[in-house]
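Undergrad: only the shape, not the letters, is given here:
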C-alpha cells in the first residue's frame with residue numbers, strides 16, 4: 001500500500017515538497033491545486049468519459065461474442081470444435097504489439113482510425129478470446145442433466161441456455177466482465193496508437209503531465225487518483241455479485 005499512500009499525499013502536495021529530503025510523509029502544506037488543474041487544465045473528465053465509453057463497448061462486445069461461443073464449445077460433441085478453443089488461447093499468447101501495426105493500417109484504410117470503435121474492436125480481440133476460454137470451463141461444469149430437464153419441460157435449446165446455463169454460470173460471467181473492464185480501462189498501447197486528441201483515454205491523459213519544461217508530479221498523482229476511483233468502485237460492485245453468484249450456483253447445483 002505504500003505506493004498508493006505516496007500517490008495520495010503527492011496529490012495534495014506542492015511541487016517543491018514532492019521531492020523533499022527527508023520525505024514528508026505526514027506533515028506538509030496541504031493544497032487542492034493539483035486536483036483543480038487536473039479538472040480544468042488537463043480536461044480529466046473528458047479522458048475519463050472516453051475511457052468509460054471504450055471500456056463499456058469492449059466489455060459488452062466481448063461478453064456478447066464470448067459467452068455464447070464458450071457455451072457452444074463446451075456443449076459441442078465435435079472434436080474439431082473442441083480443439084478450436086486452443087485457437088483462442090493462442091490469441092492470448094500473441095504479444096499485443098505484434099497485432100498493432102497491421103490493425104493500425106486496417107483502421108486507417110477503413111477510415112476508423114482515431115475513433116472509439118478502433119480501440120474497442122482491438123481490445124475485443126483479446127478480451128473475447130479470454131471470455132471464450134474462461135466460459136468454456138464454466139459451462140463444462142454445469143450439469144447437462146439440468147438443461148435436458150428443461151428441454152423435457154418444453155423449453156427450446158435457446159431457452160435452456162438463457163434460463164439454466166447462464167444463471168448457473170453467473171460467477172464466470174461476472175469474473176470475465178471484471179477482467180475485461182480492468183484490461184480495457186488500463187489499456188495504454190492500443191489507445192496510444194489508435195485514438196485521436198478527442199478520444200484519448202485517462203492513461204494517455206496522465207502521460208500529458210510530462211512535458212519538455214517540467215513533469216507535473218502532483219497533477220499526475222491527482223489524475224491517477226481519478227483513474228483509480230472508478231475502477232475500484234466497479235471492482236467492489238462486481239465483487240458483490242460475484243460472491244452472490246457463487247452462492248447461488250452452489251445452492252442450485
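TA: Great, that's in hand. Being a predicted model, the structure only gives us computed values, none of them experimental. Residues are numbered from 1 along each chain as shown.
Undergrad: going forward, measure contacts and count neighbours with C-alpha atoms only.
TA: Noted.
Undergrad: sketch out the low-pLDDT regions of the chain for me.
TA: Filtered on pLDDT under 70, the chain yields the residue ranges 15, 17, 20, 211-214, 240-253.
Undergrad: so which residues of it form helices?
TA: Taking DSSP state H, the helices of the chain run over residues 2-11, 33-40, 44-75, 79-93, 96-109, 116-141, 144-152, 157-160, 166-168, 170-186, 189-194, 202-207, 217-252.
Undergrad: and the contacts of the fourth one?
TA: Counting by Cα atoms under 8 Å, 6 or more residues apart in numbering, helix 79-93 makes contact with 73, 74, 76, 126, 129, 130, 132, 133, all of which sit outside it.
Undergrad: can you rerun that using 6 Å?
TA: Residues outside helix 79-93 that contact it (Cα atoms under 6 Å, 6 or more residues apart in numbering) are 73, 129.
Undergrad: helix 116-141 and that helix, what's the angle between them?
TA: 130 degrees (axes from the mean of the first three to the mean of the last three Cα atoms, to 10 degrees).
Undergrad: show me which positions of helix 79-93 end up buried.
TA: Buried residues in helix 79-93, counted by 16 or more other Cα atoms under 10 Å: 82, 85, 88, 89, 91, 92.
Undergrad: quick one: distance of it to the chain centre.
TA: How far helix 79-93 lies from its chain's middle: 22 Å, per Cα atoms, centre = their mean, to the nearest Å.
Undergrad: now that helix and helix 44-75, what's the angle there?
TA: Counting by the same axes, to 10 degrees, helix 79-93 lies at 150 degrees to helix 44-75.
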